[in-house]
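1. with the input below, show me the fold.
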Amino acid sequence: MNFKVYQHKKEFRLENGKKLENLEIAYHTYGKLNKEKNNVVWVCHALTANSDVFDWWKGLFGLNDYFNPENHFIVCANIIGSHYGTTNPLSINHSTGHPYFLSFPQFSIRDLVQAHQILADHLDIKDIDVLIGGSLGGQQALEWAVIEPGRMKNLIVMATNAAHSPWGIAFNESQRLAIETDRTF
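-> Here you go, the predicted model:
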């Protein structure tokens, strides 16, 4: 298992036009990329998970499990906004010298996928044998499959949706508003 942080030297433009300087992407890899580079399993994690897929997806990912590092090169990256090492509201805003806190720009699923694409390019991964995700990770996997259908051979999504219902949007917005109201956040 390798935990690393990639620092993207170029400006990262979000779908809404905002920018992040020095985007950092924290990620784990397990196993080795084979000579043919056709053994990549890329995991897109859910909102509350992290890139240590062996920690939270036991039974599917591990030494004696279906996706194991003996046969697969497994990659899982922390999403933008994650407090597990990828650029997030506690990161330093280089234009102010202070943490972003509530000024951290809003981001979309497409932004999360574009960060994954940057990391995949950095790791010289052109083809993904299996792209897998559940919940928010499934939304990322679906978006990536739409953006780059030729990059992945197999797509596995679970407990996810392609679009939220009005009820889901309202529920999530009420949670965001409650968090933003707390000035100690």
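2. mind checking the SS state of Trp42?
-> Going by DSSP: H, G, I helix; E, B strand; the rest coil, the secondary structure assigned to Trp42 is strand.
3. check the gap between it and Gly17 for me.
-> 27 Å (CB to CB, to the nearest Å). Glycine gets a C-beta too; all of them are placed from N, C-alpha and C.
4. and these two? which has more neighbours close in?
-> Trp42 (25 against 7; other CB atoms under 10 Å).
5. do a quick rundown of the helices in this protein.
-> Ranges of helices in the chain, per DSSP state H, are 53-56, 109-122, 136-147, 166-181.
6. who wins for proximity to Pro99 among these?
-> When the helices of the chain are compared by CB to CB, helix 166-181 sits nearest Pro99, at 15.4 Å.
7. so how far is that closest one from its chain's centroid?
-> Centroid separation for helix 166-181 versus its chain: 21 Å, with CA atoms, centre = their mean, to the nearest Å.
8. quick check: which ranges of this structure have low pLDDT?
-> 184-185 (pLDDT under 70).
9. where exactly do the strands run in it?
-> 2-7, 12-13, 19-20, 24-30, 40-44, 73-77, 92-93, 98-99, 128-134, 152-158 (DSSP state E).
10. separation between the spatially most central residue of the chain and Val113?
-> Centroid-nearest residue in the chain, with CA atoms, centre = their mean: Ile79, separated by 3.5 Å. Ile79 sits 10 Å away from Val113, taking CB to CB as the criterion.
11. overlap in contacts of these two?
-> Gln140 (CB atoms under 8 Å, 6 or more residues apart in numbering).
12. how much space between the residue of the chain most remote from its centre and Ile125?
-> Farthest-out residue of the chain from its mean C-alpha position, per CA atoms, centre = their mean: Arg183, at 27.5 Å. Arg183 sits 42 Å away from Ile125, going by CB to CB.
13. quick one: contacts of stretch 126-142?
-> Contacts of stretch 126-142 (CB under 8 Å, 6+ apart): 37-47, 49, 67, 72, 79, 109, 112-113, 116, 120, 144-145, 151-162.
14. now, of these, which are buried?
-> 39-46, 49, 67, 72, 79, 109, 112-113, 116, 120, 144-145, 151-152, 155, 157, 160 (16 or more other CB atoms under 10 Å).
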